[in-house]
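Engineer: I'll drop the sequence and a predicted model, then ask my questions.
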Amino acid sequence: MKDAITPGEVWLDTDGKRIHAHGGSIITVGDTFYWYGENKELSTPGSGIWHWGVRCYSSTDLYRWTDRGLIVPPEPDDPDSPLHPSTGMDRPHIVYDESTGRYVCWLKVMSKGSVQRSTVLVADDILGPYRRVRSGLRPLGMSAGDFDLVVDPHDGKGYYIFERVHSEMIVADLTDDYTDVTGYYSTHFPQPQPPLVREAPAYFHRNRKHYLLTSGTTGYYPNPSEAAVADTYHGPWTVLGDLHPTDTDRNSFRSQISSVFKHPGKEDLYIALGDRWLPRYTADSSEAITAFTEHFAPGRDGDEPMEEFAHVDPSVADYVWLPIRFDGDRPVIEWHDEWRVEYYA
């Protein structure tokens, strides 16, 4: 059985099957870790299947993961559903609402020929069943792309951090029940177009500082991740530069970070959870940007036709989980062929 984290290698569950929790996050309930994400097991080239729901796994050590099934199943019989397998459902994020005892799940949904919208679900248990409370949501009237959800551990206030598609990063206050935005927001990192626009925001806090890790916009192709720090959720944010300074190819060790997990049993262990969407891709980031311009059309108003990703096989994507080291207040990620949680105090 697995007793260490080996970034970039195929990761199997306790039944010996490939884990499918992409664009994933971890939430802790009691003494159990729950890793959830996009189920890509059927998303092979030509299948027309972008996802097969949100899958969840449980563990007590972060090494051995037991498949707990689909906590948000697809809806293949309803072509108009945001959960139809052909829709670009991405990056689920779940937070716990202490005031109601409910789990709140947000999904980014891309549909052919439309802006990106959000779907919100709630459940009384981390494993569901989840029921939809909002569909087709355009937060703040914007096309909302990659995002993260944050709940302040002190006052319970929620924040929705998202990419305003092909434009800038938005930090928006959530309503008390975490199912919508209040209307108050701030804007950050404006850029004219991809690949410069920041996406895939991954938030964490440490020593009263707020951190935001982002990637550039090059589709499934890896590019240099970037760290920023602020004293408040709404900034101003100061860019700290490349997260992976020892990576000479400048492609984030061929991965894209989806979230950061603070280990609750360790004083200072923060883990960057990432996907290696293209395991066989070995080029540097400059080639990734060239590939992006060949396969994608930067500057659109949020449309991401599914055909543009047809050459990618996410059913064989792997994971790159690496610990974050801190050089003063600057987060740094270095490569480890193998590492263990037990190495950290």
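Structural biologist: Sure thing, it's come through. Numbering: from 1, shown residues only.

Engineer: Return the helix or strand in this structure with minimum mean pLDDT.
Structural biologist: helix 285-295 (a mean of 73; mean pLDDT, DSSP states H and E).

Engineer: Which SSE is immediately downstream of it?
Structural biologist: strand 318-327 (DSSP states H and E).

Engineer: Tell me what D242 is bridged to.
Structural biologist: Counting by DSSP bridges, D242 forms beta bridges with E226.

Engineer: In this structure it contacts E226, no?
Structural biologist: Yes - D242 lies in contact with E226 (C-beta atoms under 8 Å); the separation is 6.5 Å. Bear in mind the C-beta positions are built from the backbone N, C-alpha and C, glycine included.

Engineer: Look at the two and report which has more neighbours.
Structural biologist: For D242 versus E226, the count of surrounding residues by other C-beta atoms under 10 Å is larger for E226: 19 against 16.

Engineer: ok, now which ones touch that one?
Structural biologist: Residues in contact with E226 (C-beta atoms under 8 Å, 6 or more residues apart in numbering) are R198, L213, T214, S215, G216, V239, L240, G241, D242, L243.

Engineer: Ramachandran coordinates for G141?
Structural biologist: The phi/psi pair for G141 (degrees, to the nearest 10) reads phi 70, psi 20.

Engineer: how far away is it from V115?
Structural biologist: In this structure, G141 and V115 are 10 Å apart, going by C-beta to C-beta, to the nearest Å.

Engineer: next one: I271
Structural biologist: Counting by C-beta to C-beta, the gap from I271 to V115 is 33 Å.

Engineer: Show me which of those two is the more surrounded one.
Structural biologist: Counted by other C-beta under 10 Å, I271 and V115 do not tie: I271 has more neighbours, with 23 against 18.

Engineer: Spatially nearest residue to the residue minimising distance to the centre of the chain (excluding sequence neighbours)?
Structural biologist: Taking C-alpha atoms, centre = their mean, the centroid of the chain lies closest to S258, which sits 3.0 Å from it. Leaving aside its chain neighbours, S258 sits nearest to G23 (4.8 Å; criterion: C-beta to C-beta, 6 or more residues apart in numbering).

Engineer: Same question for E163.
Structural biologist: G145 (3.9 Å).
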